[in-house]
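Asks: Show me how the following folds:
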Amino acid sequence: MNKSLRRKVIYVCCIVGLLLPLYALGQPKNGSISQLRNKYRIGQTYLGQPDPASEGMRLATLGMRGIAASILWLKADYYKENKYYDRFAATLKQISLLQPHFISVWQHQAHNLSYNVAPIFDDYRLRYAWVKKGIDYLVTGTKYNEKKPILMYDLGHYVGHKLGKADEHLQYRSMFRKDKEFHDFFIKEGLAGFETKGLGYDQNPDNWRVGRLWFDGAVSSFQRGNRIAKTPHLLYSYGPLWIMYYGEAMQEEGVLNESTLLAWDEAGRLWKEYGMTDIPWNGEGYIRLGEIESSTEIARGIRKKFDEASAEQQKAIRERRLAKLPDELKEAFEWEDADISSSEQFDRRKQARDIVTPSLQEVVAECPKAIQPDLLRMINDITLLEERLRITNIYRSNVNYDYWQERAEAEQMPRTVEARRTMFEATKMINLGDPEAAIRNFETSFGLWNKTLRRFPRFAKEEVADDVLKGIKRYKRLLETELDDSFPLKWLVDYRETIDVGTVGAESNPEMEESFKIWSEEQKKLDALEESGEPQPATSTPTPTDPPVTTDPPVTTDPPVTTDPPVTTDPPVTTDPPVT
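Replies: The predicted structure follows:
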């Protein structure tokens with residue numbers, strides 16, 4: 001036997017010898033590889049629904065799925081650029097068969113279908129059809145990736161935000177309500193609560209409510225231990241926030257009756273439940289966004305005990321340090337708020353007080369040793385509580401918690417519903433060519449809005465006031481004259497003009513902020529009197545430029561910064577397809 005043949009025989013024997021242990025290791029039930037997959041739950045049956053077609057594609061590519069998928073991605077881009085949209089959709093399906101557990105495939109290509117291809121068409125019905133294709137694509141992805149709640153999170157945005165906030169959202173929402181085929185698809189795919197919680201005021205499925213169900217699914221998956229690249233306080237916020245948007249959609253469409261009150265009542269209840277939800281953070285235990293007041297009181301109580309136990313030592317330290325201050329800082333230390341007229345003076349007073357005020361640890365060092373252990377425990381408790389409060393305030397700001405809490409409360413008032421209804425009727429009368437009826441409805445609406453905005457002055461700079469200002473502009477065009485001081489919302493117009501021209505300190509003036517607090521409390525008392533049936537005292541309309549006084553506070557505001565979505569709109573919420 002020559003050397004060449006002998007070498008070939010050896011190679012064949014080695015190959016056969018290697019195949020035997022590989023066959024043993026790869027046994028479907030008892031093989032070591034199969035046992036490892038089951039132990040760490042990474043087999044295809046644990047990731048989601050197994051698909052024979054995907055396995056066939058995997059075998060056909062002989063382990064080169066990555067190369068094949070890259071080629072198909074290039075083909076998909078080519079088809080999209082050349083407007084071969086049917087081939088584009090078919091190619092995306094092939095890519096998903098090759099890489100069913102690669103999340104970016106589903107996210108990227110669904111975004112392509114709903115956000116990049118759909119706007120190309122002129123007919124909104126074709127745009128709606130392509131938005132549906134992107135949603136269908138994501139739903140399919142959830143079946144292969146049951147442990148990836150991010151796809152359900154994306155579906156919540158697509159169904160809610162894409163259909164409810166696009167330029168053609170009125171048409172989209174109407175088509176979605178009537179799309180029986182699409183509804184059957186959701187039911188077939190097992191969307192929990194679709195036939196109950198997904199129904200709107202007309203007993204047809206509503207896109208905002210259905211979107212909320214997908215968010216609920218993402219939250220449930222996360223709570224079962226599945227990871228998602230979203231902070232919990234944002235993830236939990238979208239469900240109740242989508243019901244807020246549902247209430248806004250009803251108002252825009254002219255559904256201003258008991259159904260609107262029920263929608264905002266549900267939204268307010270869900271927002272309160274969200275505020276009492278345990279949210280993990282990087283410290284001990286959990287935080288609740290709705291318990292900031294109680295946590296603040298606890299921190300104040302501990303700090304009060306600390307101050308009482310160490311009052312003499314704190315006083316002695318301050319006196320020593322104050323005596324050593326330079327004369328200019330001594331003077332600054334005594335300044336009151338009324339004495340400060342510039343940021344430079346404010347910084348100087350802060351510098352002086354920081355020097356004089358001792359740290360908690362410095363105070364403990366001068367206290368009797370017998371009470372030092374108790375004081376150190378108090379310091380530890382204060383530090384933990386202050387850090388918890390700091391994170392809680394950040395989270396509340398991220399979701400614009402205070403704004404949406406007050407918004408739900410305001411929209412549940414029959415007065416606010418009537419204010420919106422009469423403004424909607426006024427716009428309708430303009431379109432029907434009846435200016436006198438429009439003027440009457442506008443005047444009724446503005447009187448009601450004046451009370452609502454006095455009660456919730458933070459709305460003066462939010463989109464709530466934007467809608468009112470649009471109505472005021474239409475009203476002025478009908479009157480063909482300028483507004484005088486008797487107009488109930490003259491203060492709002494003046495204030496917004498001050499904001500728009502960028503007057504320094506218009507949004508952060510402490511005096512204005514204090515005036516708003518006084519004004520809001522006064523309106524709450526008036527509302528309570530109105531509910532009790534007692535006669536109400538006369539009130540005067542404040543002027544934003546006047547100094548604040550208790551009898552006639554000026555009207556200004558300092559609303560919270562809006563952050564998505566849930567963001568005020570993506571509320572604080574933002575759009576997030578495919579991912580925020």
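Asks: Quick check: next helix or strand after the one helix or strand Q107 maps to?
Replies: Using DSSP states H and E, Q107 sits within helix 103-111. Going down the chain from helix 103-111, the next helix or strand is helix 124-144, by DSSP H and E.
Asks: Alpha carbons of the helix or strand just after that following helix, as CSV, please.
Replies: Going down the chain from helix 124-144, the next helix or strand is helix 150-157, by DSSP H and E. C-alpha atoms of helix 150-157 as CSV (Å, rounded to 0.1, in the frame of the first residue of the first chain):
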residue,chain,number,x,y,z
ILE,A,150,-38.4,43.9,25.3
LEU,A,151,-40.4,42.8,22.3
MET,A,152,-43.7,43.1,24.2
TYR,A,153,-42.4,46.5,25.4
ASP,A,154,-41.9,47.5,21.8
LEU,A,155,-45.3,46.3,20.8
GLY,A,156,-46.8,48.5,23.5
HIS,A,157,-45.2,51.5,21.8
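Asks: so what does helix 150-157 touch, helix or strand wise?
Replies: When contacts are defined as 3 or more Cβ pairs under 8 Å, 6 or more residues apart in numbering; DSSP states H and E, helix 150-157 packs onto helix 103-111, helix 124-144, helix 207-223, helix 232-252. In short, each C-beta sits where N, CA and C put it, glycine included.
Asks: Can you tell me which of the ones you listed is nearest to K350?
Replies: helix 232-252 (31.4 Å; Cβ to Cβ).
Asks: what mean pLDDT does that closest one have?
Replies: Helix 232-252 carries an average pLDDT of 95.
Asks: circling back: just want the angle from the helix holding Q107 to helix 150-157.
Replies: On the basis of axes from the mean of the first three to the mean of the last three Cα atoms, to 10 degrees, helix 103-111 is oriented at 20 degrees to helix 150-157.
Asks: which stretches of the chain have low pLDDT?
Replies: Scanning the chain for pLDDT under 70 picks out 1, 23-65, 500-516, 519, 531-580.
Asks: redo that, cut-off 80
Replies: Within the chain, the stretches with pLDDT under 80 are 1-3, 19-66, 69, 93, 96-97, 99, 283, 337-339, 498-580.
Asks: Run through the residues that contact R212.
Replies: By Cβ atoms under 8 Å, 6 or more residues apart in numbering, the contact set of R212 is 156, 160, 197, 238-239, 242-243, 246.
Asks: tell me which of those residues is nearest to S343?
Replies: Y238 (38.9 Å).
Asks: Pull the number of nearby residues for the closest one.
Replies: Number of residues near Y238 (other Cβ atoms under 10 Å) recorded here: 32.
Asks: isn't it right next to W214, touching?
Replies: No: if you go by Cβ atoms under 8 Å, Y238 and W214 don't touch, sitting 9.3 Å apart.
Asks: Overlap of the contact sets of the two?
Replies: With contacts taken as Cβ under 8 Å, 6+ apart, Y238 and W214 have 153, 156 as neighbours in common.
Asks: quick one on the thing from earlier: dump the helices and strands packed on helix 150-157 to JSON lines, plus distance to R348.
Replies: As requested, the helices and strands packed on helix 150-157 are exported to JSON lines (distance: least, Cβ to Cβ, whole Å):
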{"stretch": "helix 103-111", "distance to R348": "53"}
{"stretch": "helix 124-144", "distance to R348": "58"}
{"stretch": "helix 207-223", "distance to R348": "49"}
{"stretch": "helix 232-252", "distance to R348": "38"}
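Asks: any idea how far W264 is from T277?
Replies: 20 Å (Cβ to Cβ, to the nearest Å).
Asks: Mind checking which of these two has more residues around it?
Replies: Neighbours were counted for T277 and for W264 using other Cβ under 10 Å; W264 has more, 26 against 16.
Asks: thought that one was touching M413?
Replies: No: with contact defined as Cβ under 8 Å, W264 does not count as touching M413 (9.2 Å).
Asks: Give me the phi and psi for L199.
Replies: Note on L199: its backbone torsions stand at phi -90, psi 140 [degrees, to the nearest 10].
Asks: for it, which residues make a bridge with it?
Replies: Beta-bridge partners of L199, counted by DSSP bridges, are P205.
Asks: my guess is it meets R209, correct?
Replies: Yes: contact criterion Cβ under 8 Å: L199 and R209 qualify, at 6.9 Å.
Asks: Looking at those two, which is more packed in?
Replies: Under the criterion of other Cβ under 10 Å, the comparison of L199 against R209 puts R209 first, with 24 against 16.
Asks: quick one, what contacts that one?
Replies: R209 neighbours (Cβ under 8 Å, 6+ apart): 197-200, 242-243, 246.
Asks: again, only using 6 Å
Replies: With contact taken as Cβ atoms under 6 Å, 6 or more residues apart in numbering, R209 is in contact with 198, 200, 246.
Asks: In contact with the closest residue to the last one other than its chain neighbours, which residues?
Replies: Taking Cβ to Cβ, 6 or more residues apart in numbering, and ignoring the residues beside it in sequence, Y246 has W208 as its nearest neighbour in space, at 3.8 Å. Under the criterion of Cβ under 6 Å, 6+ apart, the contact list for W208 reads 160, 164, 242, 245-246.
Asks: could those residues go into a markdown table alongside distance to E521 and neighbour count?
Replies: Formatted as a markdown table, the contacts of W208 follow (distance: Cβ to Cβ, whole Å; neighbours: other Cβ atoms under 10 Å):
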| residue | distance to E521 | neighbour count |
| --- | --- | --- |
| G160 | 36 | 28 |
| G164 | 36 | 21 |
| W242 | 32 | 31 |
| Y245 | 30 | 26 |
| Y246 | 31 | 23 |
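Asks: Distance to R349 added to the residues you listed, as TSV?
Replies: As requested, those are exported to TSV (distance: Cβ to Cβ, whole Å):
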residue	distance to R349
G160	49
G164	50
W242	46
Y245	45
Y246	49
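Asks: Tell me the one of those nearest P326?
Replies: Y245 (57.2 Å).
Asks: now the closest one: how far from W449?
Replies: According to Cβ to Cβ, Y245 and W449 sit 21 Å apart.
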